[in-house]
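In: need a structure here:
(one chain, ligands or ions: 1)
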Amino acid sequence: MRKIFLVGLILSVPASAAWAQGDYPSLPPGPGRDVAVRVCSQCHSPEIVANQRMDKDGWKALVDQMANNGANATNEEFETVTNYLATVFPATPAAAPAAPADGAAPAPGASAQTNDATGTVTPQ
Ligand code: HEC
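Out: Below you'll find the predicted structure:
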């Protein structure tokens, strides 16, 4: 009996968390999500944003466009929505360090050297 109770408890946790988010599963949790859902569901599903990836300027332009369409919110709320969208749907995942270019110099301390002309390895 006790085991069945525990399984039921575990299963109920994700379900109730999804419910608390207002049931828009494509919108990740984050500060400002509630404002985005409220402001951006006035005319269409707020999930319309989930297909797009933009930097903050891009999201700001889109939110401005929606304000021109007639979205009803204060400037603070538009700012909050912009920050939320730029955080959860950024243009690119955190910038990765540039990969070294092909033919980069071998690491210092490499024990064998390649003869550039022939590609043969000269033992030292
Ligand atoms: C007053 C009504 C209204 C509100 C509120 C509204 N939108 Fe829109 N939205 C539209 C209309 C109309 C379109 C389609 C025409 C267009 O792209 O402007 C649209 C289209 C979009 C698109 C698709 C645009 C594209 O080019 O793919 C996105 C994304 C979007 N809205 C995001 C938002 C966000 C984010 C918010 C909240 C800040 C929001 N909308 C609030 C009216 C609204």
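
In: CA atoms for contacts and neighbours, from now on please.
Out: Will do.

In: Which residues of the chain lie near the ligand?
Out: Residues of the chain found near the ligand (CA under 6 Å from any ligand atom) are 36, 39, 40, 42, 43, 48, 49, 63, 66, 69, 70, 71.

In: In the protein, where is pLDDT below threshold?
Out: Along the chain, segments meeting pLDDT under 70 span 1-22, 93-124.

In: do that again at 50, thanks
Out: For the chain, the stretches with pLDDT under 50 are 6, 8-21.

In: Drop anything exposed from the residues of the chain next to the ligand.
Out: 36, 39, 40, 63, 66, 71 (16 or more other CA atoms under 10 Å).

In: so what's residue 80 up against?
Out: The contact partners of residue 80, taken as CA atoms under 8 Å, 6 or more residues apart in numbering, are 32, 35, 36.

In: Among the buried ones among the residues of the chain next to the ligand, name the ones in helices.
Out: When DSSP state H is applied, those are split such that 36, 39, 40, 63, 66 fall in helices.

In: do you know how far the last one is from residue 23?
Out: Read it as residue 66. With distances taken as CA to CA, to the nearest Å, residue 66 is found 22 Å from residue 23.

In: Out of the buried ones among the residues of the chain next to the ligand, which comes closest to residue 85?
Out: The shortest approach to residue 85 among those belongs to residue 36, at 8.3 Å (CA to CA).

In: Thank you, goodbye.
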